[in-house]
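*Asks:* here is a sequence together with a model predicted from it:
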Amino acid sequence: MSECVFCEIIAKTIPAKIIFEDDEILAFYDATPKAEVHFLITPKTHIESMLLLQSNHQELMGKIMLKANELAVSLGLKSGYKVQINTGINGGQEVFHLHVHVLGYKR
Ligand code: AMP
């Protein structure tokens, strides 16, 4: 059993409310939402945090950002939203599997 909760969600060994997935990324609702709409997008490959990004992750990170906007708009955040990537201990990161938060309100 993996010790990474997001790897377990990706492996479907623990449940999550999945919004989108393909072979490289997974989007799912945050279990403790801090806004009306709050979802996370994560790469399926285990990258601990932004601190460990390398040049070969460029396309993957671009894909995550484009999907963040596409899903935000499709979920009703048409007037805007916040994107947050908590990074490392000093960045307030709690789950050490890189993920992008998307938070907003349908108004
Ligand atoms: P952070 O690492 O600080 O960027 O935040 C991790 C986020 O993951 C928090 O907002 C948690 O509510 C969320 N989270 C933790 N466990 C789960 C889970 N099993 N399913 C969905 N979201 C989760």
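*Replies:* Good, I have the coordinates.

*Asks:* what average pLDDT does stretch 42-49 get?
*Replies:* Mean per-residue pLDDT for stretch 42-49: 98.

*Asks:* does it come close to the ligand?
*Replies:* No: if you take Cβ under 6 Å from any ligand atom as the test, stretch 42-49 misses the ligand, and the best it gets is 8.7 Å. (Glycine included, C-beta is placed from N, CA and C.)

*Asks:* can you list the residues of the chain near the ligand?
*Replies:* Taking Cβ under 6 Å from any ligand atom as the criterion, the neighbours of the ligand within the chain are V5, A16, D30, A31, T32, N86, G92, Q93, E94, V95.

*Asks:* let me know the secondary structure of the residue nearest the centre of the chain.
*Replies:* Among the residues of the chain, the one closest to the centroid is I41, at 2.1 Å (Cα atoms, centre = their mean). The three-state label given to I41 by DSSP: H, G, I helix; E, B strand; the rest coil is strand.

*Asks:* report the buried residues of the longest helix along the chain.
*Replies:* Secondary structure of the chain per DSSP state H: the longest helix is helix 58-74. Of the residues in helix 58-74, L60, M61, I64, K67, A68, L71, A72 count as buried by neighbour count, 16 or more other Cβ atoms under 10 Å.

*Asks:* one step back: next up, the contacts around the residue nearest to the centre of the chain.
*Replies:* I25, L26, A27, I64, K67, A68, L71, H99, V100, V102 (Cβ atoms under 8 Å, 6 or more residues apart in numbering).

*Asks:* any idea how far apart the tips of stretch 39-59 sit?
*Replies:* 21 Å (Cα to Cα, to the nearest Å).

*Asks:* now swap in stretch 51-61 and tell me
*Replies:* 13 Å.

*Asks:* residues making contact with that stretch?
*Replies:* E24, I25, P43, T45, I47, T87, G88, L98.

*Asks:* which stretches of the chain form strands?
*Replies:* 18-21, 25-29, 37-43, 82-84, 100-104 (DSSP state E).

*Asks:* check what contacts the second one and list those residues.
*Replies:* The contact list for strand 25-29, computed with Cβ under 8 Å, 6+ apart, reads 9-10, 16-21, 38-44, 60, 63-64, 67, 71.

*Asks:* among these, which ones are buried?
*Replies:* For the contacts of strand 25-29, buried by 16+ other Cβ under 10 Å: 9-10, 16, 19, 38-44, 60, 64, 67, 71.
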